[in-house]
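Q: please find the sequence and the predicted model below.
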Amino acid sequence: MSDTRGVGISLQDEEKIRQAMSAMLLSRPPTIGVIGTSGTGKSSTLNAMFRTDLPISHVAACTKEFRNVDLRVVAAGDHISAQDTVLRVVDAPGLGEDIRRDPDYLTMYRANLDRCDVILWVMAARNRAVALDQLYLQELQEFRDRMVFGINQIDIVEPMDWNRRTHLPSSAQEVSIQQIVEDRRQRIAQVADDEIRVLPYSARYLYGLQELFTALIEACPRDRAWIFAAIKNFSPFDFLPEGARQLVRDRIIK
C-alpha cells in the first residue's frame, strides 16, 4: 500500500514530480536577461552581483553579441530536494552605440529576450537623457511584463560625497537619488503605459544589489515562479564588500 503525504500525493508520484522538475531545470534553466543602452554598466552589474569576470571598458563597448553566463546555484523546494543547478544570465550588447548596428541589435534582442524569464533594464543615474530608453522600450514592448528597471552608478550622483567607509550614500545623495528614481519612473512609465519598478544601485560599491536581485525573482512569470522560488536565497552579506560585513553585523547586533 502506497504511503501518502499532504494532499494525498503518493511517494511514487512525488518522486516523479521531483524528476520532472529536475529535468526542466536542466533543459530550460531560470534565465535573466540584462539589457540597456551602451555605457550604463551592464557587464559591471553582472560582475558585481554574481562574481563573474566579464570584460568591461570605460571608453569603448565590450559586448558585441549576446552571451550566456551560467552560474551554479542551489535549488530546493516543496517537491525538489537541494541540488546544484544553473542560473543563466544573458549579457546583451548595448543599444544606441551605433545607429548602423541598431537594426541588427534589435533583431538579436527580440530573438534572445524571448528565452529570458525576467529582464533587467539598466540605466545610468547621471544620464538624464532617456529618449533612447523610451524609443527602445517601444520597440521591445512585447517583453515589458517581465522587465525590472535598475539605475546604476548612484555613487557618483551629486554632491558626490559617497561614504567609502560604510559604502553608503550621504544624506544629500539620498535625496538626489530619490529624485532621479522618481523622474525615471515617470518618464519610462509614459512609454510603458503601466506602473514600473525602478531600483537604484551601485555596482562599484555593491549597494542595492540584494534588493535588485529580489525584484528580479519577484518579476518572473507565474508559470516559472516555482523555479526561481527554488533558487537558494542569497544572504544580505553576499552583496557586501568583505571589509564592510563586520560593520553591518555590528549594527544588526546593536
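A: Done, it's in. Keep in mind the model is a prediction, meaning the values are calculated, not measured.

Q: how about low-confidence regions in the stretch 1-150 of the chain?
A: Residues of the stretch 1-150 of the chain meeting the criterion pLDDT under 70: 1-27, 54-64, 73-84.

Q: apply 90 and report the result again.
A: Under the criterion pLDDT under 90, the flagged ranges of the stretch 1-150 of the chain are 1-30, 37-39, 41-44, 46-106, 108, 128-129.

Q: any chance you could map the helices in it?
A: 11-27, 42-50, 102-113, 131-139 (DSSP state H, counting those that start in this stretch).

Q: chain center to the last one, what's the gap?
A: Taking Cα atoms, centre = their mean, to the nearest Å, one finds helix 131-139 lying 19 Å from the centre of the chain it belongs to.

Q: residue nearest the centroid of this structure?
A: residue 120 (4.7 Å; Cα atoms, centre = their mean).

Q: quick check, it in contact with residue 35.
A: Yes - counting by Cβ atoms under 8 Å, residue 35 is a contact partner of residue 120 at 7.2 Å. Quick note: C-beta positions are derived from backbone N, CA and C, even for glycine.

Q: ok, now how distant is the nearest residue to residue 41 once chain neighbours are set aside from residue 110?
A: Excluding the flanking residues, the one nearest residue 41 by Cβ to Cβ, 6 or more residues apart in numbering is residue 152, at 4.4 Å. For residue 152, the distance to residue 110 equals 24 Å [Cβ to Cβ, to the nearest Å].

Q: what about those two, which has more around it?
A: Set side by side, residue 152 and residue 110 show more neighbours around residue 152, with 27 against 13, by other Cβ atoms under 10 Å.

Q: can you pull the contacts of the more buried one?
A: Counting by Cβ atoms under 8 Å, 6 or more residues apart in numbering, residue 152 makes contact with 40-41, 44-45, 122-125, 201-203.

Q: ok, those vs residue 209, which is closest?
A: Of all those, residue 201 has the smallest distance to residue 209: 5.8 Å, by Cβ to Cβ.

Q: in space, what's closest to that closest one - neighbours in sequence excluded?
A: Nearest non-adjacent residue to residue 201 (Cβ to Cβ, 6+ apart): residue 208, at 3.3 Å.

Q: wait, isn't that neighbour in contact with residue 200?
A: Yes - at 5.8 Å, residue 208 and residue 200 qualify as touching, with contact defined as Cβ under 8 Å.

Q: circling back: in strands only, show me the contacts of residue 152.
A: 122-124 (DSSP state E).

Q: who wins on neighbours among those?
A: Most crowded among those, counting by other Cβ under 10 Å, is residue 122 at 28 neighbours.

Q: gap between the closest residue to that one other than its chain neighbours and residue 72?
A: Leaving aside its sequence neighbours, residue 122 sits nearest to residue 36 (Cβ to Cβ, 6+ apart; 3.8 Å). In this view, residue 36 and residue 72 are 26 Å apart by Cβ to Cβ.

Q: equivalent analysis for residue 92, please.
A: The value you get for residue 92 to residue 72, if Cβ to Cβ is used, is 22 Å.

Q: neighbour count for the two, which is higher?
A: Each of residue 92 and residue 72 has its neighbours counted (other Cβ under 10 Å); residue 92 has more, 24 against 8.
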